[in-house]
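1. Got a predicted structure here, sequence first:
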Amino acid sequence: LSDGVNAGQGLGIEIIATFQLVLCVLATTDRRRNDVSGSAPLAIGLSVALGHLLAIDYTGCGINPARSFGSALIANNFENHWIFWVGPVIGGASAALIYDFILAPRTSDLTDRMKVWTSGQVEEYDLEGDDMNSRVEMKPK
């Protein structure tokens, strides 16, 4: 963390930077949307650039725990390293939940979608085959 940035501020910066990146990735790569035009890789690259331009002066802009771990390992500096794991996890999970439940909800109702956490998405895929030992392909019904 830069001088003058405490752990709470650093955590908030990492959450926001990861949130905007994950939200951009979800919105530009969602196959259900037919209103997206242009280049998804370009949009994602610009989102990464935006995150770095805004956060690099304060936290070094980890966004990715693996990148932060590599830098900390080489520099042998793990002070406040938890920020670069907790921030991206919270930011990424909150972006996924907000995108999936608020910005672009699926057509199935909430109770059916909550069942996915316990039993998986069985209703969306044809998993029944003649031979139980054969290879199963995940194709939409």
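-> Now that the structure is in, tell me what you want to look at.
2. And the helices in the protein?
-> 7-29, 40-55, 65-75, 83-98, 110-114, 116-119 (DSSP state H).
3. Below-threshold pLDDT in this protein: ranges please.
-> The chain contains residues with pLDDT under 70 at 107-110, 112-114, 116-117, 119-141.
4. Now C61. Nearest residue, chain neighbours left out?
-> A55 (4.0 Å; Cβ to Cβ, 6 or more residues apart in numbering). Placement of C-beta: from N, CA and C, glycine included.
5. Confirm for me that that neighbour is in contact with G12.
-> No - contact criterion Cβ atoms under 8 Å: A55 and G12 do not qualify, at 10.2 Å.
6. out of the two, which sits in the busier spot?
-> Shown here are A55 and G12; by other Cβ atoms under 10 Å, A55 has more neighbours (21 against 18).
7. Distance of the more buried one relative to P105?
-> 29 Å (Cβ to Cβ, to the nearest Å).
8. and if you look at I16?
-> For I16, the distance to P105 - Cβ to Cβ - is 23 Å.
9. Looking at those two, which has the bigger crowd around it?
-> The neighbour comparison of I16 against P105 (other Cβ under 10 Å) goes to I16, with 15 against 12.
10. for the residue nearest to C61, what are its contacts?
-> Contacts for A55 (Cβ atoms under 8 Å, 6 or more residues apart in numbering) come out as 13-14, 16-17, 61, 63.
11. what's the closest of those residues to G70?
-> I63 (13.0 Å; Cβ to Cβ).
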